[in-house]
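In: With the sequence up front, the predicted model follows.
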Amino acid sequence: MFLYSFIKLEMLFKDTKSILIILLVLSVNIRGEENIEVKGFEIFEKSNGTLVKIFLNKYLSEDNISGWFKDSGWFYLTLHGTIIDTTKSWPFSKTGPISSIEIYQIAESSQLNFRIKETVEEFEIKSNTDGEIVLTLRQPLTESFNTIKVVAMKNPIKEIELEDTKQNSWNDALPFGLIFIGGGIAGKGILRSERSTTTIGLLTIITGWVLTNKENKKVKYE
């Protein structure tokens, strides 16, 4: 009786051990199938900003991607549920505002840190079904009205030749500033296919042009 119980217990132990091994193998295989791997990346400088393309072996939803800036001058991009080879020597060259890059594997997430040497106005992250992530870093295209005013006051144009010599002032520089700003805003809208931004830019240009003609007529009839 005792021998029979021992044999039965031994068989049960063997069966349990086999089941555990099978479950372990299956979990490893399933885990391997779920892994999304970073295969490489490329950086391009465009007229409206800098593009960072990250290539994966399969699609990663945008819900699993996060990015943010720090005042220290770094942009952090986290790809949740992915792996990256941190021992590999990834090719990199300084492009646009990106001066260096750091790569880490943190738990089940890949971390790509970009050193930004210039001001970036905003960023956009897109992921397509081909396993390609596109990070767009956009730089400012125009200065604010206050900045232009400061520049105009620091570097005034002493004379302007119309029909009479006239001392230039901030009021004289304003129309040209509006035309300059409008051109930048309109260009920004055209590049991004934003109709409202393009309209604002064109209206700003028209306002500057009207003020310029007004000043010209004012001087002409004085």
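Out: Noted; the coordinates are in hand. Residues are numbered from 1 along each chain as shown.
In: for the strand ranked longest in the chain, packing partners?
Out: Longest strand in the chain by number of residues (criterion: DSSP state E): strand 36-46. The contact analysis (3 or more CB pairs under 8 Å, 6 or more residues apart in numbering; DSSP states H and E) places strand 36-46 against strand 49-56, strand 82-83. For glycine as for every other residue, the C-beta is placed from the backbone atoms N, C-alpha and C.
In: Adding mean pLDDT and distance to Asn64, write the ones you listed out as CSV.
Out: Listed next are the helices and strands packed on strand 36-46 as CSV, based on pLDDT from 0 to 100; distance: least, CB to CB, whole Å:
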stretch, mean pLDDT, distance to Asn64
strand 49-56, 91, 11
strand 82-83, 94, 8
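In: could the ones you listed go into TSV alongside mean neighbour count?
Out: Listed next are those as TSV, based on neighbours: other CB atoms under 10 Å:
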stretch	mean neighbour count
strand 49-56	20
strand 82-83	19
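In: can you list contacts of the host helix or strand of Ser100?
Out: Following DSSP states H and E, the helix or strand that holds Ser100 is strand 98-106. Here strand 98-106 makes contact (CB atoms under 8 Å, 6 or more residues apart in numbering) with 43, 50, 52, 78, 83-84, 86, 90, 92, 94, 110-117, 137.
In: Within its sheet, name the partner strands of the helix or strand just after it and how each one runs.
Out: Note on strand 98-106: by DSSP H and E, the next helix or strand toward the C-terminus is strand 109-116. Note on strand 109-116: by DSSP bridges, its sheet partners are strand 74-80 (antiparallel), strand 98-106 (antiparallel).
In: Out of those strands, flag the one nearest Glu62.
Out: strand 74-80 (10.7 Å; CB to CB).
In: Any chance of the strands paired with strand 109-116 in CSV with distance to Leu211 as columns?
Out: Output for the strands paired with strand 109-116, formatted as CSV (distance: least, CB to CB, whole Å):
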stretch, distance to Leu211
strand 74-80, 40
strand 98-106, 40
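In: Check the ones you listed for me and report the most buried one.
Out: The highest average neighbour count among those, using mean count of other CB atoms under 10 Å, belongs to strand 74-80 at a mean of 18.
In: could I get that one in CSV with only the CA atoms?
Out: As requested, the backbone C-alpha atoms of strand 74-80 are provided in CSV (Å, rounded to 0.1, in the frame of the first residue of the first chain):
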residue,chain,number,x,y,z
TRP,A,74,16.5,67.1,-23.2
PHE,A,75,13.5,65.6,-25.0
TYR,A,76,12.5,62.2,-23.6
LEU,A,77,10.7,59.6,-25.8
THR,A,78,9.4,56.4,-24.1
LEU,A,79,8.1,53.4,-26.1
HIS,A,80,6.2,51.2,-23.8
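In: okay, the angle between it and strand 36-46?
Out: Going by axes from the mean of the first three to the mean of the last three CA atoms, to 10 degrees, strand 74-80 is angled at 150 degrees with respect to strand 36-46.
In: so strand 74-80 versus strand 49-56, what angle?
Out: Using the same axes, to 10 degrees: strand 74-80 against strand 49-56 is 30 degrees.
In: all helices for the chain, in order.
Out: 2-34, 145-154, 170-192, 195-221 (DSSP state H).
In: mean confidence score for the strand holding Ser100?
Out: Strand 98-106 shows an average pLDDT of 90 in the prediction.
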